[in-house]
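K.L.:
Sequence and predicted model, in that order:
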Amino acid sequence: MITIRVNGKKVIIEHNISLARFLSKKEIKKESVVVLINEEIIKKNIFDTVLLKDNDKVEILRFVSGG
Amino acid sequence: MQKDILKIADREFTNRLFTGTGKFPDKNMIPKILRASGSQMITVALRRVDFSMPEENVLEYIDKNVILLPNTSGARNAKEAVKIARIAKEAGCGNFIKIEVIHDMKYLLPDNEETVKATEILSKEGFAVLPYVSPDLVIAKKLEDAGAAAIMPLGSPIGSNQGLKTKSMIEIIIENISLPIIVDAGIGKPSQAAEAMEMGADAVLVNSAIANANDPEIMAEAFSLAVKAGRKAYLAKMAETSKYAKASSPLTGFLHE
């Protein structure tokens, strides 16, 4: 098991989980979000190959209504 | 008459009413108000996903031909605004960005100084920067020098519907700055939108006054008509005002003469 921070909150997950798998477990469509890992924007075409590592800081963002 | 086109950065607009996606009780209203207003640019915001309350992506409700204007709301300084802008661009939102740096939570007034800093950085990176500011000519000049694509002075505090409380200050900016001036925030009624256009604003951005109306769709149309009326009045150059009456019928040849 590893510990990562997702949107500021501690989350414990299994080892060797890809970003794509993590999102699908959370029932989040990858088309609808922007993801940053350790401040770096992750392109959608590599979501499958990016593995989450211990202490990663993950930000999952999306466009919402606003003026 | 030549077609009246507003150019901001490399984009051309034939409609001078811009809208926002905020505060609509139902997102299905967004495509309807886009149609009713004819708006060609609309604002969106970027936020963390709330896992307990997953919200749909607002982009799904916006026609692909409409230019997205992501805002940097939530940014408390230039650094945060720059970060949000870069994420929005990377996310495929295009290169337009509305800089909004706010840390005053009572009036939601923008931090003009930090806004200039963010504008400088992002303009150099190729963004079309539309800074939201308190109307101040000195700041507007600094923004022009910093490479802003347009300037968005506020009429009154965000969502207050108080109208053009800062009218004289905006007029000074319109007179002295050659960039497009878009009055943003505080416009509560179509007549106030028309007033802004009559005094020479290049466009207005209206969100709350449409979203909070009892019938947002009809209100979007009302604003659109008002903006068009105000713009035409400005182009037609209004007649002068005077203290005393000036007869519109001849003052000779009366029947009693």
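P.N.:
That came through fine.
K.L.:
And chain A, is the host helix or strand of residue B:232 touching that?
P.N.:
According to DSSP states H and E, residue B:232 maps onto helix B:216-236. No. Helix B:216-236 lies out of reach of chain A by Cβ under 8 Å from any Cβ of the partner chain, never closer than 12.7 Å. The way it works is simple: take the backbone N, C-alpha and C, and place the C-beta from them, glycine included.
K.L.:
got the contact list for the residue of chain A found nearest chain B?
P.N.:
Chain B sits closest to residue A:66 of chain A, with a gap of 2.7 Å, by Cβ to the nearest Cβ. Neighbouring residues of residue A:66 by Cβ atoms under 8 Å, 6 or more residues apart in numbering or on different chains: B:20, B:21, B:22, B:43, B:44, B:45, B:71, B:73.
K.L.:
Now intersect those with the helices, please.
P.N.:
Judged by DSSP state H, helices contain none of the contacts of residue A:66.
K.L.:
Out of those, which are close to chain A?
P.N.:
B:20, B:21, B:22, B:43, B:44, B:45, B:71, B:73.
K.L.:
Could you work out the most separated pair of the residues you listed?
P.N.:
Within those, B:21 and B:73 form the most distant pair, 11.7 Å apart (Cβ to Cβ).
K.L.:
more crowded one of those two?
P.N.:
residue B:21 (27 against 23; other Cβ atoms under 10 Å in any protein chain shown).
K.L.:
Which other helices and strands does the biggest strand by length in chain A contact?
P.N.:
Longest strand in chain A by number of residues (criterion: DSSP state E): strand A:57-65. Applying 3 or more Cβ pairs under 8 Å, 6 or more residues apart in numbering or on different chains; DSSP states H and E, we find strand A:57-65 packed against strand A:2-6, helix A:19-25, strand A:34-37, strand B:41-48.
K.L.:
Could you rerun that using 6 Å?
P.N.:
Contacts defined by 3 or more Cβ pairs under 6 Å, 6 or more residues apart in numbering or on different chains; DSSP states H and E place strand A:57-65 against strand A:2-6, strand A:34-37, strand B:41-48.
K.L.:
For it, which strands pair with it and how are they oriented?
P.N.:
Strand A:57-65 pairs in its sheet with strand A:2-6 (parallel), strand A:34-37 (antiparallel), strand B:41-48 (antiparallel), by DSSP bridges.
K.L.:
for these, which one ends up most surrounded?
P.N.:
strand B:41-48 (a mean of 22; mean count of other Cβ atoms under 10 Å in any protein chain shown).
K.L.:
quick one: residue B:246 from chain A, how far?
P.N.:
43 Å (Cβ to the nearest Cβ, to the nearest Å).
K.L.:
And residue B:56, how far from residue A:28?
P.N.:
Distance, residue B:56 to residue A:28, by Cβ to Cβ, to the nearest Å: 11 Å.
K.L.:
sorry, that was for residue B:135
P.N.:
Computed as Cβ to Cβ, the residue B:135 to residue A:28 distance reads 41 Å.
K.L.:
who's more crowded, these two?
P.N.:
With neighbours defined as other Cβ under 10 Å, residue B:135 and residue A:28 compare such that residue B:135 has more, 25 against 17.
K.L.:
Am I right that that one is in contact with residue B:153?
P.N.:
Yes. Look at residue B:135 against residue B:153 with Cβ atoms under 6 Å: they come within range, at 3.7 Å.
K.L.:
Spell out which residues are contacts of both of these two.
P.N.:
B:170, B:173 (Cβ atoms under 6 Å, 6 or more residues apart in numbering or on different chains).
K.L.:
neighbours of residue 32, just the number please.
P.N.:
All of this refers to chain A. The number of residues near residue A:32, taken as other Cβ under 10 Å, comes to 18.
K.L.:
That was the other one, I meant chain B.
P.N.:
Residue B:32, neighbours per other Cβ under 10 Å, totals 15.
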